[in-house]
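In: give me the fold of what follows.
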Amino acid sequence: MEKRVITGNQAIARGFYEAGGRVAASYPGSPTVELLEAIKDYPEIYAEFSTNEKVALEVAIGASMGGVRSLCSMKHVGVNIAMDPLMTFTQTPISGGFVLVTGDDPGMSSSQNEQDNRILGKFANMPILDPSDAQEAKDMTKLAFDLSEQYLRPVMLRITSRLCHSRSIVRLEEPTEPIYKPFVPDTASYCMLPPYTYEAQHRMKDKMAELAQAAADLDINRLEHRSDEVLIITSGLMYHNLRSVSDEISVYKLGLVYPLPIDYIKQLAEKYQRIIVLEEMMPFIEDELKIHGIACEGKNLFSFTGELNIEDIELGLLEGGVLTEAKYAQLRPIETTPRAPLFCAGCPHRPVFDILKKTKAITIGDIGCYSMGLLYPFEVLKTNISMGASLGMVKGMRKAMDMNGDHQPLVAVIGDGTFFHSGLSGFANLQYQMSGEENITYLVLDNSTTAMTGGQPTSGSKSMDGAGQSILLDDVLKSMGFTDIQRIDQFKYKQAAQIIGDAIKRPGIKIIITSRPCALHFKIREPHFYVDPKICIACRSCIRTNCPPLRMKEYEGIGLKSSIDPAQCVGCSICAQVCPVNAIKRFGDEAKGGSDD
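Out: Predicted structure coming up:
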């Protein structure tokens, strides 16, 4: 049997393939981007990055109803977007097995919140599996499809950022033969309107009760007895972290975290002096046990937020008197100088935010690479809530300010990926019940890709391999009735600054579309620039554009002046355009050339 060292994401993709999966859909969002990209390596499977998570879920639902095993993956906040169809789909019986993979993000390493989607899984009446390593991720993916078809339920496979990206040894097996079940129209099963939904609720409840009764016999729920003093109930990656701390504590390791085998846990509770629940984020398992009258503790010992690493677990067990000495608690990471994220060299967003910073206008932000415009040194964006939120928010803020006699201009930004994800409805609503004189300037940052998650194509762009489609933003906006639309080249800095500045000053709703593609994804590189230190006046205008190749440097006999690292410079020219004394030149433009090395 072949073995490979692969990530959790790749393991789930392999599990889907081995389970005979045929249709997968997703919307790119860390930590689950790599999952669908790994599925694309199997040509037998149709896989797509959809316009948003709701559409992705609906594509997978349609495939499941159409009779094949289907999978939908997204990051934890993406499930919020998909909740409308999900909450109804869980009432319908399953034809082809269906698995929803949610990538939770303890510690918010790449997210705006830290919601615990086990709660959403319970809310939607879905069984929830929680693997602890890549091998379990593959195995539980296959099991999820079996459970889905056996109990007629969509199943949630809940993974976390660290499991998505960590690697371990995984055994590869041959795929099972895919099963196709022809769609049989059945109004009572697939049309969720009263009176059919009443029976569907009872069917859903009965199937979950059946699974709860069978849960204790599942191999993925196992007891590791050491002593009768303390039993720790845990799941996922926390199991391995706990075992790194101690192998002397009794553990009930859960693979199925909902529904829980409550009757079996009640029997265990009679045999142990204490029950402690170890879980990241919300006290989900702890609360479930307490609801059923099982005395336990957990969040009094462990944090409700962030990742629980080995030393965190050890400290909690020390505080709870389970351990008497520390091995890891003293091994705290060495403090290092924090480094904020920044735009890539040649990023087309950089000149836009440099211009906006100089306008001093109130700017409403959105989700994407450009969210970094709220960080130093730009600090332009004043809000950051959710994808597409800037459209409704800027309208509501405009109404509120105008009511209070505050007519200062408002600016908002959105990327092309977010435009198609959740911006269309906001733009359709933007003009509704407006007088036409409200001062709102909207910048659509069209970089032809979903950049922050790895360069997946948007509905308005084609990827380098030809995937995707080309919907012109200008045409979409014109069809909605917007007339004040301009497309600019932000690398023509002075012209772009003039157009943006003029738009901010005049009344009405103005839309400006920036047109430069992502420098990283499209591998844009022109001859580099260099600084002539004899001309440079050390004003730092170029440094304030926050481009990675730029820094201040001590020149012998000249002093501290700006400099450019030629190895990092991609030749975007913004630094040269903001220099007031023309001290920055493109290499090769002059006969003598030059470099500041």
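
In: contacts only, for residue 144.
Out: Applying Cβ atoms under 8 Å, 6 or more residues apart in numbering to residue 144 gives the contacts 97, 99, 127, 129, 155, 157. Every C-beta, even on glycine, is put in place using the N, C-alpha and C of the backbone.

In: partners of the fourth one in the sheet?
Out: Using DSSP bridges, the beta-bridge partners of residue 129 come out as residue 157, residue 256.

In: what's around it, how many residues?
Out: Other residues near residue 129 come to 30 when the count uses other Cβ atoms under 10 Å.

In: hang on, isn't it packed against residue 154?
Out: No: using Cβ atoms under 8 Å, residue 129 is not in contact with residue 154; the gap is 12.0 Å.

In: between the contacts of residue 144, which is closest to residue 182?
Out: Distance to residue 182, by Cβ to Cβ, is smallest for residue 97 among those, at 15.6 Å.

In: quick check: that closest one vs residue 18, distance?
Out: Distance, residue 97 to residue 18, by Cβ to Cβ, to the nearest Å: 13 Å.

In: ok, back up a step: so what sits against both of residue 129 and residue 154?
Out: Common neighbours of residue 129 and residue 154 (Cβ under 8 Å, 6+ apart) do not exist.

In: buried stuff in stretch 156-174?
Out: 156-164, 168, 170 (16 or more other Cβ atoms under 10 Å).

In: same deal with stretch 5-21?
Out: By neighbour count on 16+ other Cβ under 10 Å, the buried set for stretch 5-21 is 6-21.

In: taking those together, which two end up most distant?
Out: Between all members of the buried residues of stretch 5-21, the farthest pair (by Cβ to Cβ) comes out as 7 and 20, at 22.0 Å.

In: thinking again about what came up before, so which of the buried residues of stretch 5-21 sit within strands?
Out: Using DSSP state E, the members of the buried residues of stretch 5-21 that fall in strands are 6-7.

In: of the buried residues of stretch 5-21, closest to residue 110?
Out: Nearest to residue 110 among the buried residues of stretch 5-21 is residue 9, at 13.8 Å by Cβ to Cβ.

In: surely that closest one meets residue 165?
Out: Yes: look at residue 9 against residue 165 with Cβ under 8 Å: they come within range, at 7.2 Å.

In: now residue 47. Its backbone dihedrals?
Out: phi -130, psi 140 (degrees, to the nearest 10).

In: just the helices from the stretch 151-300 of the chain, written as ranges.
Out: All helices of the stretch 151-300 of the chain, identified by DSSP state H, counting those that start in this stretch, fall at 161-165, 187-190, 196-214, 237-245, 262-271, 284-291.

In: turn the ones you listed into a markdown table, columns for mean pLDDT.
Out: Formatted as a markdown table, the helices of the stretch 151-300 of the chain follow (pLDDT from 0 to 100):
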| stretch | mean pLDDT |
| --- | --- |
| helix 161-165 | 95 |
| helix 187-190 | 92 |
| helix 196-214 | 93 |
| helix 237-245 | 96 |
| helix 262-271 | 96 |
| helix 284-291 | 98 |
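
In: for the ones you listed, which one sits closest to residue 581?
Out: For residue 581, the closest of those is helix 161-165, at 46.6 Å, according to Cβ to Cβ.

In: so what does the closest one touch, helix or strand wise?
Out: Applying 3 or more Cβ pairs under 8 Å, 6 or more residues apart in numbering; DSSP states H and E, one finds that helix 161-165 contacts helix 8-18, helix 33-39, strand 98-104.

In: quick revisit: let me know the closest of the contacts of residue 144 to residue 308.
Out: Using Cβ to Cβ, residue 129 is the member of the contacts of residue 144 that sits closest to residue 308, with 19.6 Å.

In: look up how far residue 235 lies from that closest one.
Out: Applying Cβ to Cβ to residue 129 and residue 235 gives a distance of 9 Å.

In: next, show the common contact partners of these two.
Out: 255, 257.

In: hang on, residue 354 packs against residue 373?
Out: No: the criterion here is Cβ under 8 Å, and residue 354 misses it with residue 373 at 9.8 Å.

In: rewinding a little: format the helices and strands packed on helix 161-165 as JSON lines; extra columns: mean pLDDT.
Out: Conversion of these to JSON lines gives the following (pLDDT from 0 to 100):
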{"stretch": "helix 8-18", "mean pLDDT": "98"}
{"stretch": "helix 33-39", "mean pLDDT": "96"}
{"stretch": "strand 98-104", "mean pLDDT": "98"}
